[in-house]
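Asks: coordinates for the following, if possible.
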Amino acid sequence: MENYFSIALIITSIALVASIILQSKGVGLGGLTGGGDAGGVYTKRRGVEKILFWITIGLSMLFFILTMLTVMFGR
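Replies: Numbers count the residues shown, from 1 in each chain. Presented below is the predicted three-dimensional model:
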């Protein structure tokens, strides 16, 4: 049972990292290391950006739940 949670946790973490990286639009590789524009303009999310935003929130909640289950059943 613990192996299933670990595998699901790995898959969820990879998907979560990918969705976070996809949200940094127009930043380039410099944004991944912390460089780039310090002041940003916040705009309303529309279309694919909004869907990706909600997917990221769902994946983060799933990651948290899987982490708690792995800790509880790991003992």
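Asks: quick one: the helices in this structure?
Replies: With helices called from DSSP state H, the chain shows them at 2-23, 29-32, 48-73.
Asks: now do the spatially most central residue of the chain, the pLDDT please.
Replies: Centroid check for the chain by C-alpha atoms, centre = their mean gives Leu16 as the closest residue, at 2.8 Å. pLDDT, Leu16: 96.
Asks: who touches it in this structure?
Replies: For Leu16, the contacting residues are Thr56, Leu59, Ser60, Phe63, by C-beta atoms under 8 Å, 6 or more residues apart in numbering. (Each C-beta comes from the backbone N, C-alpha and C, glycine too.)
Asks: can you do 10 Å?
Replies: Contact analysis of Leu16 by C-beta atoms under 10 Å, 6 or more residues apart in numbering lists Ile55, Thr56, Gly58, Leu59, Ser60, Leu62, Phe63.
Asks: may I ask which of those residues has the most neighbours?
Replies: Leu59 (19 neighbours; other C-beta atoms under 10 Å).
Asks: would you mind measuring from the nearest residue to that residue once chain neighbours are set aside to Arg46?
Replies: Ranked by C-beta to C-beta, 6 or more residues apart in numbering and with sequence neighbours excluded, the top spatial neighbour of Leu59 is Leu16, at 4.4 Å. Taking C-beta to C-beta, to the nearest Å as the measure, Leu16 falls 22 Å from Arg46.
Asks: got it, and Ile65?
Replies: Ile65 is 29 Å from Arg46, where distance means C-beta to C-beta.
Asks: low-confidence regions, the protein specifically.
Replies: Regions of the chain meeting the criterion pLDDT under 70 cover residues 25-43.
Asks: let's see that with 50 instead.
Replies: Scanning the chain for pLDDT under 50 picks out the ranges 29.
Asks: circling back to that earlier point, so for Ile65 and Arg46, which sits in the more crowded spot?
Replies: Higher neighbour count among Ile65 and Arg46: Ile65, with 14 against 8, using other C-beta under 10 Å.
Asks: can you name the residues that contact that one?
Replies: Applying C-beta under 10 Å, 6+ apart to Ile65 gives the contacts Phe5, Ala8, Leu9, Thr12.
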